[in-house]
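Q: pasting a predicted model and its sequence here:
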2 protein chains.
Amino acid sequence: MAAACRTSPTPTNLSGPRGRSPSIPRFPTIRCASQPLRTPSKTLATADPVPAFLSVTAFAPATVANLGPGFDFLGCALDGVGDTVTVSVDPAISPGTLSISSISGSAASAAKLRRDPLWNCAGIAGIAAMRALGVRSVGLSLHLEKGLPLGSGLGSSAASAAAAAVAVDGLFGGRLSLGDLVLAGLESEKKVSGYHADNVAPSIMGGFVLIRSYDPLELLRLEFPTGQDLYFVLVSPEFEAPTKKMRAALPAEVKMKDHVHNCSQAAALAAAVVQGDVKLLGMAMSSDGIVEPRRAPLIPGMVAVKKAAIEAGAFGCTISGAGPTAVAVIDGEEKGKEIGDRMVEAFLRDGELKASATVARLDRIGARVISSSAF
Amino acid sequence: MAAACRTSPTPTNLSGPRGRSPSIPRFPTIRCASQPLRTPSKTLATADPVPAFLSVTAFAPATVANLGPGFDFLGCALDGVGDTVTVSVDPAISPGTLSISSISGSAASAAKLRRDPLWNCAGIAGIAAMRALGVRSVGLSLHLEKGLPLGSGLGSSAASAAAAAVAVDGLFGGRLSLGDLVLAGLESEKKVSGYHADNVAPSIMGGFVLIRSYDPLELLRLEFPTGQDLYFVLVSPEFEAPTKKMRAALPAEVKMKDHVHNCSQAAALAAAVVQGDVKLLGMAMSSDGIVEPRRAPLIPGMVAVKKAAIEAGAFGCTISGAGPTAVAVIDGEEKGKEIGDRMVEAFLRDGELKASATVARLDRIGARVISSSAF
């Protein structure tokens, strides 16, 4: 799991404890040699670190992946909603291993999750983080509190993985870099939904994150200017988006003309994020001509929901991740609530689906330690 | 030719005489109803304007289109090199028409050009600008001074068209918007190389321009921060890139995986421009996995030239437009000259082609009136 990671082009220390907000320069690019994952990093290989705390609790935010033309390489973190993981030193657990002690949260989500750590997102990422740290002498127990519904398109699995990786790292004093943490989270994503970092990277790093390359892993944080008003309207219908069907709806090839169109929208989207141009961000996000047109018809009411969002004043609307949540953007919270109401109505009217709306801001911090207990 | 144009999202007057540098805010988006082109705009339809000058000379810069993953939607203007057009009120010319009186410049370029205005880039764009202005009572003569070689991949035809459109507009006091001027230039591009604005838009507007849509035409100027050092190393070999062959080398469809890769590079490229991150700009420009790999082998030595540029320290290198010019980027002029020397050597060694190198900065102004004569 361990990997040699460095930051570039602006040398900066992006590693360290995640309990505090690091001073992040413009465009921190994180490069990690993602292959081979089994080679321990030089700095951590022989570590077998001593825990700094008895117990640590970390929170990781929900995320919106894809953002229309940013399909499979762009995502952002949402303020206020997410998963929480507590890891504790537990003498009853075999040294170097991790056990899931309990899972709580909304009944529907928590009940569906397995407690076998090898088949649980938090478990997989937690173990990967232990491996990256070189933990051999300590056994850990993990409690997962699901704040996010499963299969909603809001990065539920990634949030569990991100919170677990950051909690384990925090327990040992925060020794892993952001790149290491993302790679730990990717171990989980790979198992549950494919080797995509567009949820787990923003959940760990906060803000907007662009994945420029997987081999080596290169993550680019696009800094949305502070002081600019950006609100995400998230409307989740009571509908399970069939992930396999959503992936199968994608074409193996795209026409050159469509490629150029989506490329230009993706470029406009990235520029809009960096410049804090919310209107352009919405317009570009709304202009995917490849993925959304194929997936939207698979979510009852989605086409009408997008139309309703735009008519209600949203700057743009698309599918969050692989759905079924619809995401719209706007520059005011009250306007966001109004837009959300119209979107909920449209889901009911055209999709015959009950839905709930949330208005969230951008999470700029990412996964972080929220509490710790000393020995 | 005339079209209703407006600027958005930041309302600002982008029209007006091009002799002065307009105060351009961040992200001026220019929207023009490009269809129907034959409908005269309401404001100018009945104009038949009176010339403000006897003669006007305008200069339009060379441009680099594509910039790797920005294929067919991104381009930028180059400082110092370009074409110059002089238009004069000429009683000997039938009112409402335009005649090309002379063409000068490097023998190779000038001699190849036709003086029939309907088959000359400057002529076509000049006539389109006259039509947009509603000129009916005045005949014009046009002199074109070719500063750019033909078929070099530096937007030679676009520069002629841009200079002509701006000169004609300047003669009548500068009544057309930037969008109108780009549409006039597009009339020419359509005839000679296809309906692409990625050369003519930056030649007219200056800086980096992203074409977000053609119908309606939406142009987005990406403001590269002032004070950042960005140098383009342009190495042009003595080789005629067969345009048809270059276009034919493109695939009709691209694999989804390649699409996602190029989209992410395009997004990184746009963000790098706005943020003034020259290193990332170079890396992203250098990462096209679709067009460059198919076109580079058609230009003798190009693969080695790119390698030589990177080895000499360039942040990135790709084909300018459809070639054969190679373009590299770097943050210092002296380093640029050194890189250019290595690229010239590589063209000779691996392509058996003589080549010449130029180091240019970004042109931030675009086509402009450089002199005028009163009646």
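A: Nice, thanks for sending it over. Numbering: from 1, shown residues only, chains lettered A, B, ... in the order given.

Q: need the nearest residue in space to the closest residue to chain B within the stretch 51-200 of chain A, chain neighbours excluded.
A: Closest to chain B within the stretch 51-200 of chain A is A:Phe73: 3.8 Å, counting by CB to the nearest CB. Where C-beta positions appear, they are placed from N, C-alpha and C, glycine not excepted. Excluding the flanking residues, the one nearest A:Phe73 by CB to CB, 6 or more residues apart in numbering or on different chains is B:Ser264, at 3.8 Å.

Q: on that earlier part again, from A:Asp169, how far off is the residue of the stretch 51-200 of chain A closest to chain B?
A: 25 Å (CB to CB, to the nearest Å).

Q: return the set of buried residues in stretch A:327-335.
A: For stretch A:327-335, a neighbour-count test (16 or more other CB atoms under 10 Å in any protein chain shown) marks A:Val327, A:Ala328, A:Val329, A:Ile330, A:Asp331, A:Lys335 as buried.

Q: what's the neighbour count on the residue of the stretch 51-200 of chain A closest to chain B?
A: A:Phe73 has 29 neighbours, counted by other CB atoms under 10 Å in any protein chain shown.

Q: in contact with it, which residues?
A: The contact partners of A:Phe73, taken as CB atoms under 8 Å, 6 or more residues apart in numbering or on different chains, are A:Asp198, A:Leu210, A:Ile211, A:Arg212, B:Val260, B:Cys263, B:Ser264, B:Ala267.

Q: run the last query once more with 6 Å
A: Shown in contact with A:Phe73 (CB atoms under 6 Å, 6 or more residues apart in numbering or on different chains): A:Ile211, B:Val260, B:Ser264.

Q: A:Val233 too?
A: A:Ala328, A:Gly336, A:Ile339, A:Gly340, A:Val359.

Q: just A:Lys335 next, same as before
A: Contacts of A:Lys335 by CB under 6 Å, 6+ apart are A:Gly313.

Q: tell me how far it lies from chain B.
A: 16 Å (CB to the nearest CB, to the nearest Å).

Q: need the phi and psi values for that residue.
A: phi -60, psi -40 (degrees, to the nearest 10).

Q: now A:Asp331
A: phi -110, psi 10.

Q: which residues of the stretch 151-300 of chain A lie near chain B?
A: A:210, A:212, A:220, A:222, A:252-256, A:259-260, A:263-264, A:266-268, A:270-271, A:274-275, A:277, A:279 (CB under 6 Å from any CB of the partner chain).

Q: those residues, buried ones only, as a PyMOL selection?
A: Buried residues among these (16+ other CB under 10 Å), as a PyMOL selection:
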select buried, chain A and resi 210+212+220+222+253+254+255+256+259+260+263+264+266+267+268+270+271+274+275+277+279
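
Q: returning to what we had before: helix A:256-275 and the one helix or strand the residue nearest to A:Phe73 maps to, what's the angle between them?
A: Using DSSP states H and E, B:Ser264 sits within helix B:256-275. Using axes from the mean of the first three to the mean of the last three CA atoms, to 10 degrees, the direction of helix B:256-275 lies 40 degrees away from that of helix A:256-275.

Q: now helix B:256-275 - C-alpha only, PDB.
A: C-alpha atoms of helix B:256-275 as PDB (Å, rounded to 0.1, in the frame of the first residue of the first chain):
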ATOM      1  CA  MET B 256     -13.800   6.200 -23.700                       C
ATOM      2  CA  LYS B 257     -10.600   5.800 -21.800                       C
ATOM      3  CA  ASP B 258      -8.700   8.100 -24.200                       C
ATOM      4  CA  HIS B 259     -11.500  10.600 -24.100                       C
ATOM      5  CA  VAL B 260     -11.400  10.700 -20.300                       C
ATOM      6  CA  HIS B 261      -7.600  11.100 -20.300                       C
ATOM      7  CA  ASN B 262      -7.700  14.000 -22.800                       C
ATOM      8  CA  CYS B 263     -10.600  15.600 -21.000                       C
ATOM      9  CA  SER B 264      -8.700  15.700 -17.800                       C
ATOM     10  CA  GLN B 265      -5.600  17.100 -19.600                       C
ATOM     11  CA  ALA B 266      -7.800  19.800 -21.200                       C
ATOM     12  CA  ALA B 267      -9.300  20.700 -17.900                       C
ATOM     13  CA  ALA B 268      -5.800  20.900 -16.300                       C
ATOM     14  CA  LEU B 269      -4.600  23.000 -19.200                       C
ATOM     15  CA  ALA B 270      -7.400  25.500 -18.800                       C
ATOM     16  CA  ALA B 271      -6.900  25.700 -15.100                       C
ATOM     17  CA  ALA B 272      -3.200  26.200 -15.600                       C
ATOM     18  CA  VAL B 273      -3.700  29.100 -17.900                       C
ATOM     19  CA  VAL B 274      -6.100  30.900 -15.600                       C
ATOM     20  CA  GLN B 275      -3.800  30.300 -12.600                       C
END
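
Q: still on that earlier bit, make JSON lines out of the buried residues of stretch A:327-335 and add distance to B:Ala346 and pLDDT.
A: Shown next, in JSON lines, are these (distance: CB to CB, whole Å; pLDDT from 0 to 100):
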{"residue": "A:Val327", "distance to B:Ala346": "48", "pLDDT": "98"}
{"residue": "A:Ala328", "distance to B:Ala346": "51", "pLDDT": "98"}
{"residue": "A:Val329", "distance to B:Ala346": "47", "pLDDT": "98"}
{"residue": "A:Ile330", "distance to B:Ala346": "52", "pLDDT": "98"}
{"residue": "A:Asp331", "distance to B:Ala346": "50", "pLDDT": "97"}
{"residue": "A:Lys335", "distance to B:Ala346": "56", "pLDDT": "98"}
